[in-house]
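Undergrad: Give me the fold of what follows.
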Amino acid sequence: MSILSEFKEFAVKGNVIDLAVGVIIGAAFGKIVDSLVADIIMPLVGVVFGKLDFSNLYVVLGTVPAGVANTLADLKKAGVPVLAYGNFITIAVNFVILAFIIFMMVKQINRLKRSEEPAPAAAPETPEDVVLLREIRDSLKQR
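TA: Residues are numbered from 1 along each chain as shown. Here you go, the predicted model:
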C-alpha cells in the first residue's frame with residue numbers, strides 16, 4: 001500500500017473527520033466564551049471591585065524610556081519587560097468558565113444517553129412444568 005493511499009484512508013476515516021469538526025466547533029465556541037468573559041463577566045467583576053479593568057493590570061519590570069506612555073500596549077510596543085498579571089487573571093477566568101460549560105454539557109449528554117438506553121430485560125419466568133420437574137429431581141436427590 002502506497003503512502004498516498006494510506007494517507008487517503010487515514011484522512012477519510014470517521015475519527016479524523018469527527019476530530020476536525022470538533023476542533024472547528026471548539027475554536028468557534030472558544031471565541032464565544034472569550035467574548036462572554038471579556039465583554040460581560042469581567043466588566044461586572046470590575047464594577048464589583050471598583051471599576052477595575054483586569055486587562056490593564058501590570059507591573060513594569062524595567063525602566064520606562066522617556067516619551068513612552070505608561071499603558072500596557074505602549075510599554076509592550078516599546079519592548080519594556082512587563083508582568084501582565086491582569087491578562088493572566090482574565091485568561092484564567094476564561095478557562096474556568098469554559099471548563100464549567102464543557103462539564104455541564106458532558107453531564108447533560110451522559111444523562112441523555114442514560115435515559116435512551118433500554119432497560120435490561122427481566123429474565124423470563126421459568127415455566128411451571130420445569131419448576132415441578134426440578135422439585136421432583138431435588139426430592140429424589142434427598143432420598
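Undergrad: which regions of the protein sit below the pLDDT cut-off?
TA: For the chain, the stretches flagged by pLDDT under 70 are 1, 14, 51-53, 116-121, 143.
Undergrad: Please identify which helix or strand holds Asn94.
TA: Using DSSP states H and E, Asn94 falls within helix 85-116.
Undergrad: Figure out how far the helix or strand following that helix is from the centre of its chain.
TA: Once the chain leaves helix 85-116, the next helix or strand it forms, by DSSP H and E, is helix 128-142. Relative to its parent chain, helix 128-142 has a centroid offset of 59 Å by CA atoms, centre = their mean, to the nearest Å.
Undergrad: Alpha carbons of helix 128-142, as CSV, please.
TA: Output of helix 128-142 as CSV, limited to C-alpha atoms (Å, rounded to 0.1, in the frame of the first residue of the first chain):
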residue,chain,number,x,y,z
GLU,A,128,-44.4,-24.3,35.7
ASP,A,129,-43.6,-27.7,34.4
VAL,A,130,-39.9,-27.1,34.6
VAL,A,131,-40.3,-25.9,38.2
LEU,A,132,-42.3,-29.1,39.1
LEU,A,133,-39.6,-31.3,37.4
ARG,A,134,-36.9,-29.6,39.4
GLU,A,135,-38.8,-30.1,42.6
ILE,A,136,-39.2,-33.8,41.8
ARG,A,137,-35.5,-34.1,40.9
ASP,A,138,-34.4,-32.3,44.2
SER,A,139,-36.7,-34.6,46.3
LEU,A,140,-35.2,-37.7,44.7
LYS,A,141,-31.7,-36.4,45.4
GLN,A,142,-32.6,-36.0,49.1
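Undergrad: Check which residues of that helix are buried.
TA: Neighbour-count burial for helix 128-142 flags no residue at all (criterion: 16 or more other CB atoms under 10 Å). Using the backbone N, CA and C atoms, a C-beta is placed for each residue, glycine as well.
Undergrad: Mind listing residues that contact it?
TA: Applying CB atoms under 8 Å, 6 or more residues apart in numbering, helix 128-142 has no contact partners.
Undergrad: now with 10 Å?
TA: If you take CB atoms under 10 Å, 6 or more residues apart in numbering as the criterion, helix 128-142 is touched by 125-127.
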